[in-house]
Every structure is written in structure tokens, then in C-alpha cells.
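A.B. asks: Model the following, please.
(chains A, B, C, D, E and F)
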Number of protein chains: 6
Amino acid sequence: MPKPAPIDHADASDAVKAVYDEIKQARNVPDVNNFWKYIANDERTLRRTWDSLREVMAPGALDPLVKELVYLAVSVTNNCDYCIASHSAAAAKAGMTPAQFGELMAVVGMANETNRLAAGYRIPVDPAFDR
Amino acid sequence: MPKPAPIDHADASDAVKAVYDEIKQARNVPDVNNFWKYIANDERTLRRTWDSLREVMAPGALDPLVKELVYLAVSVTNNCDYCIASHSAAAAKAGMTPAQFGELMAVVGMANETNRLAAGYRIPVDPAFDR
Amino acid sequence: MPKPAPIDHADASDAVKAVYDEIKQARNVPDVNNFWKYIANDERTLRRTWDSLREVMAPGALDPLVKELVYLAVSVTNNCDYCIASHSAAAAKAGMTPAQFGELMAVVGMANETNRLAAGYRIPVDPAFDR
Amino acid sequence: MPKPAPIDHADASDAVKAVYDEIKQARNVPDVNNFWKYIANDERTLRRTWDSLREVMAPGALDPLVKELVYLAVSVTNNCDYCIASHSAAAAKAGMTPAQFGELMAVVGMANETNRLAAGYRIPVDPAFDR
Amino acid sequence: MPKPAPIDHADASDAVKAVYDEIKQARNVPDVNNFWKYIANDERTLRRTWDSLREVMAPGALDPLVKELVYLAVSVTNNCDYCIASHSAAAAKAGMTPAQFGELMAVVGMANETNRLAAGYRIPVDPAFDR
Amino acid sequence: MPKPAPIDHADASDAVKAVYDEIKQARNVPDVNNFWKYIANDERTLRRTWDSLREVMAPGALDPLVKELVYLAVSVTNNCDYCIASHSAAAAKAGMTPAQFGELMAVVGMANETNRLAAGYRIPVDPAFDR
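C.D. replies: From the prediction side, this is the model:
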């Protein structure tokens, strides 16, 4: 098996092109980013991931900017550089300001710190939290 | 060294009591939760963590509910049960609804999924994201 | 301490050369890959890691391709780029097809997603699973 | 927001019942396990997760036992106790023997070890792996 | 496959007993702890893990207490409760004081925090560190 | 929001310059490394992180070299390349020898391996460790 390569629109199957076109229209962009071009190597993963993301990231009880901030927080915690780069851009497009980015990183940093203090001290859950 | 045990207000040093009292006043609660009672075994960690959290979680460019949602998202990604329990409670107190919790979990789940797709396919960062 | 540098066969101690030669023979390759050349900076880690890997990855109750797929799944979950690159190559050499790689990534992605749903909802283990 | 509680079939909405019934039929079980009863608090997550899992875990280029082994490997790497318990049971149902479980754990352990050696020594990807 | 159960000395094979006896003698304890009794379900993993641990944890360029502190730091970062409990005990046996434990947790917490700041800000490695 | 860029001393606010100067004096270096120049985008995070690190990494019950080794162990476990590079350099400056680095990596590797064995076998904490 060779290393996975990106699939451009011109070389894509009809099923892949259909997803690409939906993404381009929904996001109003001239081309899809690398994430989609790589996972297009598995048509079902491409279709399932796009359908799932569209549903999950749609405005709902949480607004799109909050969802992008959460996405970025998870990506930073997992140290996924591609995801940090792409979701920083997506969050900025959704309105994230530099001050909001700074506060987001501060919260993510503190949460990762206190998560380990809780683990290391083996702290039992307070009964009030279990109700 | 025995297993760390929680330090109650009555048994605490003056320095520890001072932090407990600040937390109780700031949060309008009758007692601090286990997290503080355990890390109180190291007075400097107690003081530094409280001062840092108070600064980081204060209203700013992001509102307190958003910060609690992000804290919870990180805790879920790290699988820290104590932190999930305590920050679910804190987020609920800050106004999180069941619908918001459901959407939060959906975003956290998707982010953890696509973080691995990005890693596994070894996707290079789009030049547009590097500017 | 300078940054660790790779140790080539020509510059290696007899103990390191012996391990390199075993790897080359077992895998039928003209040279060992960077992983071995770097950990060779600690001869005991080189010897122990090779002996352990040879034992663990040998055909047994699980066949070598399945073991490589599992190795790759762990490496993707940990976001280890070197390991993803080297074990994608190893899995391909063991017979992994592009379709199998695509399904593997899909399973790894879903598992990372549902792992967080289970954590976030604080789901108790079903009694049937504890027997 | 109270702590999420499991939703039993008798108390479920029609949409939730429909998913439960599909799971029960597909797996030939009298009731769904706690995972589904908890995520049912968000109907869309329940439906999306079930549809995705059914697609991803179906027999394909990889057989169902291999997929379950991979799912378990990821869950162990993430230290998700619920997931380890439920997917150990699922793997056993799909035919995993104790010897296979032992070898799986051995591979997962070694992969987590060597992932860190690769990170710590900052090993560059061999050019041969980048083709 | 039933759930893995611990194997007591009385019920163990000769190969397992031999490892148990080596551990008991090396550590001067009347019985091995649960870790060994569970992984004994796979005799080769038991033997390999004991031989590796004995080699890695032996006094060398780092003294045994430092090695235990590092082991505990990793276990806390991975949120492995069993490992935190057992290696806290091992570190205490090797001489760790409560003050040292407190400082260790503080360092582990800070490292987990700054690791995420480095990831989130996508900080490039300083040329001086790459030499 | 554009991508975060490093802030050099010449372009920094007085508050940022003050932190930079404290770091340069405390570490006896002509300039701060990239970590500080990037997090300086959020002045409060810069100040809080420096004050916290200075307190946590100061000589105490654990000596500075041990603290750097622990910092490096966490960074390797989290696969944070920037942090591995910078804390390898810091540890070397604090006296870490190549032999110590090799043993450190060996311990970190083994801990990550046995953490997963403990999780996968679902090993209960020995009562002796809970006292």
C-alpha cells in the first residue's frame, strides 16, 4: 500500500465530488481543505464524516463559535497540529478574536493541569456531584 | 508516606483556611469541594491553583459558561472522572442546559474522532492555515 | 548533553551491531530504520526493545498483519507521527490493503469518539460486563 | 442540569425506541447496554452513533473480530474503563480467545512504549516511509 | 472469554510461580500485588514485563527514587488509577516524602499545562534546541 | 484572527518586557525562547505562567534536575515536540548526562506500557495501596 495521497476534485469519483460540492457550498469556499482530500481515500468515511460534522456543528443549543472553540480545545489537548491549524482558522472565521483565543488557551492549559492534580491525589467524587 | 487525605477547614493551617474562605465567598458555597481539600496538602499548590483559576475563569472575552464548557470538554478528552463530575456541576450552575450538554458531548466526540483521522492519514497543514 | 544522534552500523559498538544484524536478517532489509539508530544511544534499551518486539510481534494466536494493524491503531490514537509512518509501512508489507487501511482508520476514529461519550456521560459498567 | 440518567425502553421516545429496537435485533440481545441508554439523552447523538457504528463495524475488508480487537486496543490506550469492559465482551462474543486477548494486550503495551521512545528521541521519519 | 481473573501463587503454573518468587525475593514482600496476578494470564507477558522492569528500574545513572518519581509522573499524566496507587506506594517505600510528592504533582501539573500552550500556539522549535 | 506570531523584546509592551527581563536574569540567557514570545500574545498568561513556573521549578524538596527530568517525562508521554526539545535542553543544562537521558526514556517507555496493561486487564487496586 502506498502512502495515502490527496484526491483532487478533478480526479475524484462522482460520490467524492458530491461531498466536495456540498462542503464548498455550505462553507462558501472555492476548494475543500486537505482533511477532506485525504479521507476521500475511503468514500464511506468521507460521506459519514461530512454528514456527522454538518449535523454536530450546526447552530443549536450552542452557537457555532462556541462549538469551534470546543473543537479547538479538544484538538489542543490531543496535540493534533493539523486540527489546531484548521480549527483555529475555522474559529477565527466564526468570529474568534485574539483575546478570546488567549483566554481559550488559558482555560485549556488550566484544565489539563488540574485534571492531573485530581488524578495524582486520587480525589474521590464529592457526593453532591453524584446526584 | 501515607495516602494523601483531605484537610478539613477545622484542621487547616491559617494559610489553607484563608484560601478556603476566599473560595467559599467567591462561589457562595458553605464548604469547598474535595479538590481543594486534597491539594491543600501542598499549601503553595493550593494558593497558586486558586489564584490562577480565579484569574483564568473570570468573565472576560469569553463568558463564564463558555469557559466551563471548554473545561468540561478537556476533562472528557482526558477521561478525568473527578473533573467531569465537578465541572459538569459547575457548568450546570453557570447555566448549561441538558441540550447544551448533549451538543457539547457530540462536538467533543467528533473532535476526538477527526483528530485521529488527521493523524492517521498524516495530513499536511494547508498553506492557507499557516498564514 | 547534545541532542541524540543516530548511530550508523559503521560507528556502532559490537553489541549494537549485533542487534542491527539480527533485525536486518529477521526483516530481510539492507539497513535498520531510524528508530533503532536513535535508541541505540542506550544499548540496553536497544537490546531489550528488540527482544521484546520480536517476541510480541511473532505469529501466535494473532497473525502478524492483525498485530501490525493494532500497532498502527495505537500509534494513531497517540498521534505519534514517526510510529504512524513506520507502522503503516510495516502493515503494508504484511499485506494491508488500502481498503483495510481505510476501515482501520474508521474504527480508530469511532473508538476515540465513543470513548469520550462514555467518559462524558459517566456511564457505569453494565453488571453483565463485570462477570 | 441534573446528572444524566439512563433512559429505559419503557420511558423512551419513539425515536429512541426505534434505535434500541434496531440494536436489539442486529445484536440479538434482549436489551441495549448502558452506553445507549445514556447517550439516548441526546436523540441525534444516539441515532448518529448507532448508524455510524453499524456502518463502521460491519464485515468488510477487515473482519468483525479484527475490528473489535482494534476497538479494544484504542480503548485500552485511552484508559476508558467502560469501553474496555464492553468491548472485551464484544470481542469475546466475536470469538476472541484468552490467548488472543493476552497477545493483544502485549502489542498494545509495546506500541505505547515505543511510541514514547520515538517521541523522546525526536526520531525523524525515514525517507523511505514518506513515499 | 470470561473476564481476566487474578492467578494466586497456589494456582499458578511453575513458570508463573518462578516469576512470583523472584518478585517476592527482590522486593522482600510476602506476596505479589494484583498487577502481576492479572498479567500472569499471559505467561510470556509476565516474564517479559518482570525482566524488563527489573532491568529498567535498577539503580544506574538515575537512582531508584528518581525512577519511581518519573514512573508516577507518567501514570498521573495517563490518569491510570491503579498505577498511581501502586507507584505512589513504591515511591513512598523508596523514600518519597509528602513534600516531595506535593512538588512532584506541581511539576506534573505545570508540564501538562505548558505542553498544551506550546501545542495551541503552534510554537516552532528554537534553532538552539535543534543542535 | 491571524495566526499567533512571536513578540520580540523590541516590540513588546512594558508588561511583557518586564517578564522577559526577569526570565533573562533568572536563567542568565541573552533572549527568551519561543515559548515565551508566543504566549506573550496574552499578557496575563505570560505573567501567570512565568510566576507559576518560577515557583514550581525552584529548588525545594526535589532538586532542579529531578524536576526537569519529570517535566521531560510528562512532555514525552504527551508527545509534545516543542516541550521535549526545550526541556531536553533545560535538563542538559541542569546536568542531565546521556546515560541519565537513556534511563529516563526507558522508564517513561515502561511506565506507558504497564499503564496500559493495568487498564486492559482492569486490575483492581490492592487494598494495601488504599490505606
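
A.B. asks: rest of the way, CA atoms for contacts and neighbours
C.D. replies: OK.

A.B. asks: domain ranges for chain A?
C.D. replies: Residue ranges for the domains of chain A, per automatic domain parsing: A:1-58, A:63-122.

A.B. asks: near chain B at all, the shortest one?
C.D. replies: Yes: part of domain A:1-58 sits near chain B under the criterion C-alpha under 8 Å from any C-alpha of the partner chain, namely A:4, A:33-35, A:38-39, A:52-53, A:56-57.

A.B. asks: How about the residues of chain A by chain F?
C.D. replies: A:79, A:89, A:92-93, A:96-99, A:102-103, A:106.

A.B. asks: before we move on, back to that, compare the domains of chain A and give me the one nearest residue F:11.
C.D. replies: Closest approach to residue F:11 among the domains of chain A is made by domain A:63-122 (17.3 Å; C-alpha to C-alpha).

A.B. asks: Do any residues in that closest one lie close to chain C?
C.D. replies: Yes: for domain A:63-122 and chain C, the contact criterion (C-alpha under 8 Å from any C-alpha) is met by A:78-80.

A.B. asks: now, which of the residues you listed sits nearest residue D:8?
C.D. replies: The closest of the residues of domain A:63-122 next to chain C, once distances to residue D:8 are taken by C-alpha to C-alpha, is residue A:78, at 34.0 Å.

A.B. asks: Distance check, that closest one against residue E:54.
C.D. replies: Computed as C-alpha to C-alpha, to the nearest Å, the residue A:78 to residue E:54 distance reads 32 Å.

A.B. asks: which one of these two has more residues nearby?
C.D. replies: Using other C-alpha atoms under 10 Å in any protein chain shown as the criterion, residue A:78 and residue E:54 rank with residue A:78 on top: 26 against 13.

A.B. asks: about what we covered before: now the residues of domain A:1-58 next to chain B: which count as buried?
C.D. replies: With neighbours counted using 16 or more other C-alpha atoms under 10 Å in any protein chain shown, the residues of domain A:1-58 next to chain B contain these buried positions: A:4, A:33-35, A:38-39, A:52, A:56-57.

A.B. asks: how many neighbours does residue A:105 have?
C.D. replies: Residue A:105 has 29 nearby residues by other C-alpha under 10 Å.

A.B. asks: any idea which element the residue most central in space within chain A lies in?
C.D. replies: Nearest to the geometric centre of chain A sits residue A:71, at 4.6 Å (C-alpha atoms, centre = their mean). Per DSSP states H and E: residue A:71 is located in helix A:64-77.

A.B. asks: right, is the next helix or strand after that helix up against chain D?
C.D. replies: Heading C-terminal from helix A:64-77, the first helix or strand you meet, by DSSP H and E, is helix A:81-93. No: on the criterion C-alpha under 8 Å from any C-alpha, helix A:81-93 is out of touch with chain D, staying 14.8 Å away.

A.B. asks: Helix A:81-93 - contacts with which helices or strands?
C.D. replies: Judged by 3 or more C-alpha pairs under 8 Å, 6 or more residues apart in numbering or on different chains; DSSP states H and E, helix A:81-93 is in contact with helix A:64-77, helix B:98-120, helix E:98-120.

A.B. asks: sorry, back to before: hang on, isn't the residue nearest to the centre of chain A packed against residue B:108?
C.D. replies: Yes: applying C-alpha atoms under 8 Å, one finds residue A:71 in contact with residue B:108, separated by 6.6 Å.

A.B. asks: on that earlier part again, name the nearest of the residues of domain A:63-122 next to chain C relative to residue D:21.
C.D. replies: The closest of those, once distances to residue D:21 are taken by C-alpha to C-alpha, is residue A:78, at 35.3 Å.

A.B. asks: Could you pull up phi and psi at the closest one?
C.D. replies: Dihedral pair for residue A:78: phi -90, psi 0, per degrees, to the nearest 10.

A.B. asks: gap between it and residue D:79?
C.D. replies: Here the criterion is C-alpha to C-alpha. By it, residue A:78 lies 14 Å from residue D:79.

A.B. asks: can you check residue A:30 too?
C.D. replies: 41 Å.

A.B. asks: of those two, who's got more company?
C.D. replies: Neighbour totals were compared for residue A:30 and residue D:79, and residue D:79 leads with 25 against 10 (other C-alpha under 10 Å).

A.B. asks: now the farthest one out in chain A, which residue is it?
C.D. replies: The C-alpha centroid of chain A is most remote from residue A:127, which lies 34.0 Å away (C-alpha atoms, centre = their mean).

A.B. asks: Model confidence at that residue, what's the number?
C.D. replies: On pLDDT, residue A:127 comes in at 95.

A.B. asks: In contact with it: list those residues for me.
C.D. replies: With contact set as C-alpha atoms under 8 Å, 6 or more residues apart in numbering or on different chains, residue A:127 has no partners.

A.B. asks: With residue C:108 as the reference, measure out to it.
C.D. replies: Counting by C-alpha to C-alpha, the gap from residue A:127 to residue C:108 is 35 Å.

A.B. asks: contact partners of the helix or strand where residue A:23 lies?
C.D. replies: Here residue A:23 sits within helix A:14-27, counting by DSSP H and E. Helix A:14-27 is contacted by residues A:9, A:30-32, A:36, A:40, A:43, A:46-47, A:50 when judged by C-alpha under 8 Å, 6+ apart.

A.B. asks: Tell me which two of these sit farthest apart.
C.D. replies: With C-alpha to C-alpha as the measure, no two of these lie farther apart than A:30 and A:43, at 20.8 Å.

A.B. asks: rewinding a little: make TSV out of the residues of chain A next to chain F and add pLDDT.
C.D. replies: Listed next are those as TSV, based on pLDDT from 0 to 100:
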residue	pLDDT
A:79	98
A:89	97
A:92	97
A:93	96
A:96	98
A:97	98
A:98	98
A:99	98
A:102	98
A:103	98
A:106	98
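
A.B. asks: which among the residues you listed gets closest to residue F:63?
C.D. replies: Using C-alpha to C-alpha, residue A:106 comes nearest to residue F:63 of the residues of chain A next to chain F, at 27.9 Å.

A.B. asks: Number of residues surrounding the closest one?
C.D. replies: 29.

A.B. asks: hang on, the earlier thing: can I get the residues of domain A:63-122 next to chain C in a markdown table with distance to chain B?
C.D. replies: Shown next, in a markdown table, are those (distance: C-alpha to the nearest C-alpha, whole Å):
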| residue | distance to chain B |
| --- | --- |
| A:78 | 8 |
| A:79 | 9 |
| A:80 | 6 |
